[in-house]
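Trainee: sequence first, predicted coordinates after that:
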Amino acid sequence: MIEAALYLIPVQLSDVELKHVLPELNLQLVSHIKHFVVENVRSARRFLKKCDKSIDIDSLTFAELNRHTRPEDIAPMLEPLERGEAMGVISEAGCPAIADPGADVVAIAQRKGLKVIPLVGPSSILMGLMASGFNGQSFAFQGYLPIDAGERARQLKEMEHRIMREDQTQIFIETPYRNNTLVAELCRVLPPAMKLCIATDITGPAQSIVTRSIKQWKGQLPELHKVPTIFLLYK
């Protein structure tokens, strides 16, 4: 019998077999959960079917939580859990509630005293940091950088200061179709000796996690157009 809790269910980062990135326990638990809070219903249904082909998808309930969701609509999503039924949270990629709107429903569950159980799974933020060679004792994830060029340059300078002043690794992402533009800007704005780790397709067949100085990257800019990528900076 599955415990009544809010299960935070990681999904794969790349299109690989689930057994390569998720524990068997996750797949077993998923088949017993009937109510889900998801970022996207279509991809969540596809993921669940991949977990267990025997799951009757049409018997499940889905509440969609993304940037379009109104704040007042989030708390009612937890009604099944408050009745004593298990619920799951599924994001589009990686771990729910990490750089993900799922954090909002988790916060409400915590305020209500409901049990929250995170399951093991891949996080591009942590895996990129693990393989970068950068400071794993102090780091900050900045999410997406500002679109405005002036604001973005100012944030890059602030990150540079934090790296030097606080000895803190800086981690961020970009919309995949703007990756190439971002890397070119990093090479233009940051000091030549600054270290940049570019981690692409983490856990996927084309995975590449490479750390070089800005000066070294300038001579051989990678092709990152539409490639899932996470960027890390350190001294």
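Mentor: Yep, it's here. Bear in mind the structure is a predicted one, so any value in this text is a computation, not a measurement.

Trainee: where along the chain do the helices fall?
Mentor: Using DSSP state H, the helices found in the chain span residues 24-30, 41-51, 79-82, 102-111, 124-132, 149-166, 179-189, 214-218.

Trainee: only alpha carbons, please: show the third one as PDB.
Mentor: Included here for helix 79-82 are C-alpha records, laid out as PDB according to Å, rounded to 0.1, in the frame of the first residue of the first chain:
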ATOM      1  CA  GLU A  79      -7.400  18.000  -2.400                       C
ATOM      2  CA  PRO A  80      -6.800  14.300  -3.200                       C
ATOM      3  CA  LEU A  81      -3.800  14.300  -0.800                       C
ATOM      4  CA  GLU A  82      -5.800  15.900   1.900                       C
END
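
Trainee: quick one: that helix to chain centroid distance?
Mentor: On the basis of Cα atoms, centre = their mean, to the nearest Å, helix 79-82 sits 26 Å off its chain's mean C-alpha point.

Trainee: which other residues reach it?
Mentor: 4-6, 34-35, 61, 87, 109, 112, 114 (Cβ atoms under 8 Å, 6 or more residues apart in numbering). Any C-beta I mention is one placed from the backbone N, CA and C, and that applies to glycine too.

Trainee: and for the second one?
Mentor: Helix 41-51 is contacted by residues 11-12, 18, 26-27, 30-31, 36, 38, 55, 57, 60, 62, 64, 90, 92 when judged by Cβ under 8 Å, 6+ apart.

Trainee: inside strands: which ones of those?
Mentor: Of the contacts of helix 41-51, the ones assigned to strands by DSSP state E are 36, 38, 62, 64, 90.

Trainee: partner residues bridging the residue lying closest to the first one once chain neighbours are set aside?
Mentor: If the residues on either side of it in the chain are set aside, residue 36 comes closest to residue 88, at 4.8 Å by Cβ to Cβ, 6 or more residues apart in numbering. Per DSSP bridges, residues listed as beta-bridge partners of residue 88: residue 7, residue 36.

Trainee: sorry, back to before: among the helices of the chain, which is the most enclosed?
Mentor: Neighbour counts (mean count of other Cβ atoms under 10 Å) averaged over each of the helices of the chain peak at helix 124-132, with a mean of 20.

Trainee: how far does it sit from the chain's center?
Mentor: Here helix 124-132 is found 11 Å from its chain centre; the criterion is Cα atoms, centre = their mean.

Trainee: quick one: average pLDDT of it?
Mentor: Mean pLDDT, computed over helix 124-132, is 97.

Trainee: quick one: contacts of it?
Mentor: 13, 93-94, 98-99, 136, 139, 141, 169, 171, 197, 199, 202-203, 209, 211, 228, 230, 232, 234.

Trainee: same thing with stretch 220-227?
Mentor: Contacts for stretch 220-227 (Cβ under 8 Å, 6+ apart): 176-177, 179-180, 183-184, 187, 198, 200-201, 206, 208, 210.

Trainee: do the same with stretch 159-174
Mentor: Stretch 159-174 is touched from outside by 99, 125, 128-129, 132, 134-136, 138-145, 182, 190-191, 194, 229-235, with contacts defined as Cβ under 8 Å, 6+ apart.

Trainee: drop anything exposed from those.
Mentor: With burial judged by 16 or more other Cβ atoms under 10 Å, the buried subset of these is 99, 125, 128-129, 132, 134-135, 139, 141-142, 145, 182, 190, 194, 229-234.

Trainee: gap between residue 161 and residue 170?
Mentor: Residue 161 sits 10 Å away from residue 170, taking Cβ to Cβ, to the nearest Å as the criterion.

Trainee: the contacts of helix 41-51, buried ones only, as a PyMOL selection?
Mentor: Buried residues within the contacts of helix 41-51, by 16+ other Cβ under 10 Å, are selected in PyMOL with:
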select buried, resi 11+12+18+26+27+30+36+38+55+60+62+64+90+92
